[in-house]
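Colleague: how would this look folded up:
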Amino acid sequence: MEAYASDNFCGRRNFSKTHHADYTAVEISPLAADNISLPERRETANDIPSYMEHESPKTGPPSASLKLVVIPRESSGLMQMKEKTFLDMFKACKLPKYMLYFLQQNSFIFYNFERHQPQFSWEEPGYARSFYLNTAFFVLLWSFDDETLSTRAIFLHRAGEQTTFGEVKRLMHTHRSHIADPRMLALVSAHSIIEWTDAEIRGGV
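Modeller: Sure, this is the predicted structure:
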């Protein structure tokens, strides 16, 4: 199934001819937990895969961290990134290939890829606990390394929508104390949807 998902994804046109030299990235670490806001940085396309690799285990207690890269999309839904850059980043994040099927199908779903699930070949090396979340506003893919407490995330705008990430980043800062929990980005996403729903209800009154 993983081979089918990977081949099907790579065999279709998912990437725009327009791509960027660098991309927005956000990082949270315990040392930056008290910042007033989360500073954005620009990572070059060539450096993104190495930037998104999980931390190597160290002696002593692990120190939680989170890195997230934002990928813009065209109105047609095509990602503005080279296919090779995306797949190298995907692999660096230790995400399962089956997740590419969800991405290809644009599935509105929240799925937790736990380890030791035979149908996803978890016995093969290179995968971390992973999550896929597709909402009406954005798509989030992320992995969590239990040994190092590091989270690596890919944020995809909905087709043609480029304004959502600012709100998500604000809520990432609000909930930054939970970076050691693999479900932090699920909490952030739920919070953002609740805020939007609340605003729509108030606006309609």
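
Colleague: contact partners for Pro39?
Modeller: Residues counted as contacts of Pro39 (C-beta atoms under 8 Å, 6 or more residues apart in numbering) are Val26. Just so you know, the C-beta spots here come from the backbone N, C-alpha and C atoms, and that holds for glycine as well.

Colleague: gap between it and Ser29?
Modeller: 12 Å (C-beta to C-beta, to the nearest Å).

Colleague: next one: Phe144
Modeller: Distance of Phe144 to Ser29, computed by C-beta to C-beta: 15 Å.

Colleague: of the two, who's got more company?
Modeller: Higher neighbour count among Phe144 and Ser29: Phe144, with 25 against 14, using other C-beta atoms under 10 Å.

Colleague: run through the bridge partners of the more buried one.
Modeller: Counting by DSSP bridges, Phe144 forms beta bridges with Arg129, Thr151.

Colleague: residues in contact with Gly126?
Modeller: Applying C-beta under 8 Å, 6+ apart to Gly126 gives the contacts 91, 94.

Colleague: so is it in a helix, a strand, or just coil?
Modeller: Following DSSP: H, G, I helix; E, B strand; the rest coil, Gly126 is assigned to coil.

Colleague: what distance do you get for it to Asn134?
Modeller: 24 Å.

Colleague: what of Asn46?
Modeller: As judged by C-beta to C-beta, Asn46 and Asn134 stand 28 Å apart.

Colleague: in the protein, which spans are strands?
Modeller: Listed in chain order, the strands of the chain (DSSP state E) span 22-28, 40-44, 65-71, 110-113, 129-134, 138-145, 150-157.

Colleague: and the longest helix seen in the chain with strand 138-145, angle?
Modeller: Secondary structure of the chain per DSSP state H: the longest helix is helix 184-204. Orientation check (axes from the mean of the first three to the mean of the last three C-alpha atoms, to 10 degrees): helix 184-204 against strand 138-145 gives 160 degrees.
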